[in-house]
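Novice: Need a 3D model of the following:
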Amino acid sequence: MKFKLINTDKETRARAGTIVTDHGEIQTPIFMPVGTAGSVKAVHQRELTNDINAQIILGNTYHLFLRPGIDLLEKAGGLHQFINWSRPILTDSGGYQVYSLSENRKINEDGVTFKSHIDGSKHFFSPEIAIDIQRSIGADIIMAFDECTPYPCHYDYAKKSMDLTHRWLARCKTRMTETPSRYGYEQTLFPIIQGSTYEDLRKQSAEFVAAQEFPGNAIGGLSVGEPHDIMYSITEQVCGILPTDKPRYLMGVGTPGNILECIALGIDMFDCVMPTRNARNGMLFTSNGIINIRNEKWRDDLSPIDEALGGYVSTHYSKAYLRHLIVNKEILGAQIASIHNLTFYIWLVQMAREKIIEGSFSNWKRQMVKQVTQRM
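Specialist: Sure thing, here's the model as predicted:
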């Protein structure tokens with residue numbers, strides 16, 4: 001994997017760059033749709049490619065391990081072949097899912113024992129197993145196995161967890177070195193910075209990770225309930241420590257406003273389930289603000305969902321029609337809303353990239369944050 005920095009905004013830390021993988025280029029800043037179990041919910045791969053123009057998607061180690069299982073993925077030739085997706089894939093190591101299963105898991109130095117949310121069966125992930133599974137899945141970018149701490153979190157626990165994550169990282173690195181990439185293309189490991197909301201721990205973790213000289217770096221443990229100003233403060237601090245010649249991935253973030261603010265702080269890569277999850281409940285993100293399409297005010301509105309985006313779905317279906325589908329629980333409503341929201345998210349980061357290259361990002365961002373966060 002290679003990263004080329006193209007331009008940096010003069011007033012902020014916003015960056016435009018290009019990540020090159022064996023499955024194609026990724027223009028940053030980028031938003032990555034979440035395809036947890038090999039599917040971006042309610043969205044066909046054709047729409048992801050043609051209408052949304054997703055340059056990379058996510059899969060999740062925990063969910064893919066449980067279903068459909070690693071044996072089948074290996075038989076298919078990896079996740080790319082299994083889901084018929086030719087562009088890059090990133091896999092989360094499963095650490096966040098283990099965090100969310102706090103009542104059904106036990107953590108020690110070796111790894112994590114957890115119960116399946118599907119049938120209660122017991123399983124064990126170690127750093128080595130997490131790497132092996134991701135090798136078999138066939139992701140272009142593999143995440144190190146970590147522990148994601150909750151918010152709020154006591155300092156002593158946050159430090160203990162961070163130190164464990166660092167020791168696990170060393171084991172992930174060793175496992176990557178001693179095992180070959182699968183399926184004939186390169187697979188790249190990203191480490192994850194932890195430390196909860198404590199500045200000294202985040203500094204320590206960022207410095208430790210930066211010293212390892214991985215091809216890219218990730219920031220975890222944010223967007224777990226902490227106030228936005230804390231998220232921004234930690235992100236700014238960590239980006240000030242991480243090397244400028246490597247891509248920076250802020251995991252699990254977030255709202256359109258979050259993304260714009262964090263681009264300005266120096267983040268290159270984002271993912272979040274929000275655009276598809278909220279779409280299925282009738283919440284639309286648009287260039288003019290946030291819409292609850294279930295509201296009566298949209299019943300007779302025959303204007304396109306959002307002409308500014310230019311995508312087929314956003315310009316060819318009316319708000320009234322989409323409201324009709326959502327209210328009547330038609331499956332097509334969830335599909336249209338999901339495609340639209342993802343189109344908007346990709347449009348937003350592409351616009352940010354254009355403005356960074358043009359040198360007009362800062363003024364554009366201030367105005368756009370106001371627009372995209374207002375309720376319509």
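
Novice: Need the pLDDT of the residue nearest the centre of the chain.
Specialist: Per Cα atoms, centre = their mean, the C-alpha nearest to the average position across the chain is that of residue 271, at 1.8 Å. Note for residue 271: predicted pLDDT of 98.

Novice: For it, give its distance to residue 363.
Specialist: Noted for residue 271: a distance of 27 Å to residue 363, by Cβ to Cβ, to the nearest Å. C-betas here are computed from N, CA, C, even on glycine.

Novice: quick one on the thing from earlier: which residues does the residue nearest to the centre of the chain form a beta bridge with?
Specialist: residue 32 (DSSP bridges).

Novice: Just list the residues touching residue 31, thanks.
Specialist: By Cβ atoms under 8 Å, 6 or more residues apart in numbering, residue 31 lies in contact with 259, 270-272, 345-346, 348-349.

Novice: Adding distance to residue 50 as columns, could you present these in CSV?
Specialist: Below are these laid out as CSV (distance: Cβ to Cβ, whole Å):
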residue, distance to residue 50
259, 23
270, 22
271, 21
272, 22
345, 16
346, 12
348, 19
349, 18
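
Novice: closest to residue 112 among those residues?
Specialist: Nearest to residue 112 among these is residue 271, at 21.7 Å by Cβ to Cβ.

Novice: Low-confidence bits of this protein, can you list those?
Specialist: 98-99, 101-102 (pLDDT under 70).

Novice: ok, then the element right after the longest helix anywhere in it?
Specialist: For the chain, the helix with the greatest residue count under DSSP state H is helix 331-358. Sequence-wise, the next helix or strand downstream of helix 331-358 (DSSP states H and E) is helix 361-373.

Novice: Now that following helix: buried residues?
Specialist: 361, 364-365, 368-369, 372 (16 or more other Cβ atoms under 10 Å).

Novice: got a markdown table for those residues, with distance to residue 113 too?
Specialist: What follows is the buried residues of helix 361-373, written out as a markdown table (distance: Cβ to Cβ, whole Å):
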| residue | distance to residue 113 |
| --- | --- |
| 361 | 46 |
| 364 | 49 |
| 365 | 45 |
| 368 | 45 |
| 369 | 43 |
| 372 | 42 |
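
Novice: Count the residues that sit near residue 16.
Specialist: Residue 16: 23 surrounding residues under other Cβ atoms under 10 Å.

Novice: go on, residue 208?
Specialist: Per other Cβ under 10 Å, the neighbour tally for residue 208 reads 18.

Novice: ok, now how distant is the residue nearest to it when sequence neighbours are not counted from residue 314?
Specialist: Nearest non-adjacent residue to residue 208, counting by Cβ to Cβ, 6 or more residues apart in numbering: residue 166, 5.6 Å away. Here the criterion is Cβ to Cβ. By it, residue 166 lies 44 Å from residue 314.
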